[in-house]
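Visitor: Here is the input, now give the coordinates:
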Amino acid sequence: MWQNNRHNSGLASNSKEDFSQHVRNIPDFPQKGIIFRDITGLLRNGPVFKRAIDAIAGHHVEQAIDTVVSIEARGFIIGSALGYRLGSGVVPVRKKGKLPWQVYRKSYNLEYGQDHLEIHQDAIEPGTNVLIVDDVIATGGTVQAVAELIKEMKGNIVGASFLIELTDLNGRDKIKDIPVFSLIKY
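Guide: All right, here's what the predicted structure looks like:
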């Protein structure tokens, strides 16, 4: 029997597992001086991936989340699994030109320039409770742009969750009004 997220008591609310042991550190990728946090090891291990999703879902089980908005591309993996676990819909946010219908677009700054994100115009109805999900929060520019799109669509952002948070880059500062949960912190 299908259980709605508001009544699913099988979710753990707090995980003590160290998921970082399943993340590979790759120095100097994509450029010198950067340490890339590769989540492939966590994703390929079914039981570990399930526990990670359960831990994130457990943090949000008491919230009435209607839609998980996941950010291209690794965010789709985390967001889809999380939406399934919470019994919520999933909406993709993609880079410019990847969505086939009418979109809202938001530009955001990168370390080396500017990029754009898009969401279908009918993806979020006013008053929809939304959880933003991505694999990593770094400088916060991407999630800030997504939050602005959702707010312009009059969605109610209940939180933002990430598999990894790079705390030294202060990404939370760009979305101060949104509760943030991250499973792994560096």
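Visitor: Tell me which residue is most central in this structure.
Guide: By C-alpha atoms, centre = their mean, the chain has its centre lying nearest to Val133, at 1.5 Å.
Visitor: State the helix or strand in which that one lies.
Guide: In this structure, Val133 sits in strand 129-137 according to DSSP states H and E.
Visitor: Note down every partner strand of that strand and its orientation.
Guide: Partners of strand 129-137 in the sheet, by DSSP bridges, are strand 67-71 (parallel), strand 156-165 (parallel).
Visitor: Let me have those in TSV, extended by distance to Ile35, mean pLDDT and mean neighbour count.
Guide: Where you see a C-beta, it was placed from the backbone N, CA and C, and this is true even at glycine. Listed next are the strands paired with strand 129-137 as TSV, based on distance: least, C-beta to C-beta, whole Å; pLDDT from 0 to 100; neighbours: other C-beta atoms under 10 Å:
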stretch	distance to Ile35	mean pLDDT	mean neighbour count
strand 67-71	21	98	26
strand 156-165	11	98	22
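Visitor: right, and those - which one's nearest Val146?
Guide: Among those, strand 67-71 comes nearest to Val146, with 5.9 Å by C-beta to C-beta.
Visitor: Quick check: the gap between the nearest residue to Gly159 once chain neighbours are set aside and Leu42.
Guide: In space, and not counting its chain neighbours, Gly159 is closest to Pro179: 4.4 Å by C-beta to C-beta, 6 or more residues apart in numbering. Going from Pro179 to Leu42 by C-beta to C-beta, to the nearest Å gives 23 Å.
Visitor: Of these two, which one has the most company?
Guide: Comparing Pro179 with Leu42 by other C-beta atoms under 10 Å, the one with more neighbours is Leu42, at 24 against 15.
Visitor: Am I right that the more buried one is in a helix?
Guide: Yes - under DSSP: H, G, I helix; E, B strand; the rest coil, Leu42 falls within a helix.
Visitor: what's the longest helix in the chain?
Guide: helix 46-60 (DSSP state H).
Visitor: just checking, what packs against that helix?
Guide: On a contact count with 3 or more C-beta pairs under 8 Å, 6 or more residues apart in numbering; DSSP states H and E, helix 46-60 meets helix 40-44, helix 74-86, strand 156-165, strand 180-185.
Visitor: switch the cut-off to 6 Å
Guide: Here helix 46-60 touches helix 74-86, strand 180-185, going by 3 or more C-beta pairs under 6 Å, 6 or more residues apart in numbering; DSSP states H and E.
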